[in-house]
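In: Have a look at this prediction, sequence included:
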Amino acid sequence: MLKAIFFDIDDTLVDRTKAMRSALDTFMQSRPDVFAISESERYVAACLERDKRGYAPRSQFSEWVVNSFPRLQMTPSEFWQACAQAILDNIVIDPAICNMLASLRGRYRLGVISNGHGSRQRRKLQRAGLSQYFDSIIISGELGVAKPDARIYAGALSRAGFCASESLLVGDDVERDVLGPMQHGMASCWVARGRSYPRELPQPCRIIESILDLPEAL
């Protein structure tokens with residue numbers, strides 16, 4: 001019987017891709033000396049491709065940006081600090097997600113299992129108005145291991161007080177949110193976001209287009 005539901009943050013609970021796109025667009029508009037307005041859409045697309053939905057190493061991504069646009073006259077660290085803050089500034093509250101979580105919380109224990117920097121990921125949840133819905137929040141930057149390492153799933157289950165067979169992880173990344181938890185004995189729900197799940201891989205228990213489709217899939 002399902003008793004606990006764990007969620008990924010980026011592009012699951014929080015639309016990081018949209019926030020990143022808005023952050024890059026705002027940043028580029030603030031530096032017309034570097035980015036021609038007529039080319040901004042192309043520049044944003046190139047940056048998003050290099051960012052790899054947040055999975056590219058921060059240092060690698062930032063170095064590529066400052067090397068591609070030397071007129072920025074910024075270090076990779078300075079650029080990433082500005083970009084990370086801009087992402088946070090562009091995260092908004094979605095009342096529909098808040099209502100869904102409030103409804104689920106009456107039937108299940110809810111938790112978060114996320115990769116990323118601890119305080120930054122927690123601030124994303126706060127900016128989105130979601131922190132109060134979760135009984136436990138596990139973030140790789142605080143635990144010292146990241147998805148798909150089995151220890152992060154084990155740590156989340158131990159803190160929540162449930163076994164793997166009683167738990168479901170909902171997320172958008174195949175390796176980290178589907179294959180990883182399945183290997184640890186957890187059920188998984190993949191958030192497609194317009195993509196097709198690879199047929200050659202083990203299939204998740206559920207596939208939904210949007211996080212808002214979760215209640216009907218349970």
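Out: All right, it came through fine.
In: which secondary structure element contains the residue sitting furthest away from the middle of the chain?
Out: In the chain, Asp33 marks the outermost C-alpha relative to the chain mean, sitting 32.0 Å out by Cα atoms, centre = their mean. Using DSSP states H and E, Asp33 sits within no helix or strand.
In: so it makes contact with Arg71?
Out: Yes - using Cβ atoms under 8 Å, Asp33 is in contact with Arg71, at 6.6 Å. C-beta here means a position set from N, CA and C on the backbone, and glycine is covered the same way.
In: residue boundaries of the helices in the protein?
Out: Using DSSP state H, the helices of the chain run over 16-29, 40-51, 58-68, 76-89, 95-105, 118-127, 140-143, 150-160, 180-183, 214-217.
In: Counting by contacts, list what the fourth one packs against.
Out: In terms of contact count using 3 or more Cβ pairs under 8 Å, 6 or more residues apart in numbering; DSSP states H and E, helix 76-89 is assigned the packing partners helix 16-29, helix 58-68, helix 118-127.
In: buried set for the shortest one?
Out: Neighbour-count burial for helix 118-127, with 16 or more other Cβ atoms under 10 Å as criterion, is recorded at 121-125, 127.
In: do the same with the first one
Out: Within helix 16-29, the residues that qualify as buried by neighbour count (16+ other Cβ under 10 Å) are 16-17, 19-25, 27-28.
In: likewise stretch 174-194?
Out: Quick answer for stretch 174-194 (16+ other Cβ under 10 Å): 174, 176-182, 184, 186-191.
In: can you pull the pLDDT of Gly106?
Out: For Gly106, the model assigns a pLDDT of 88.
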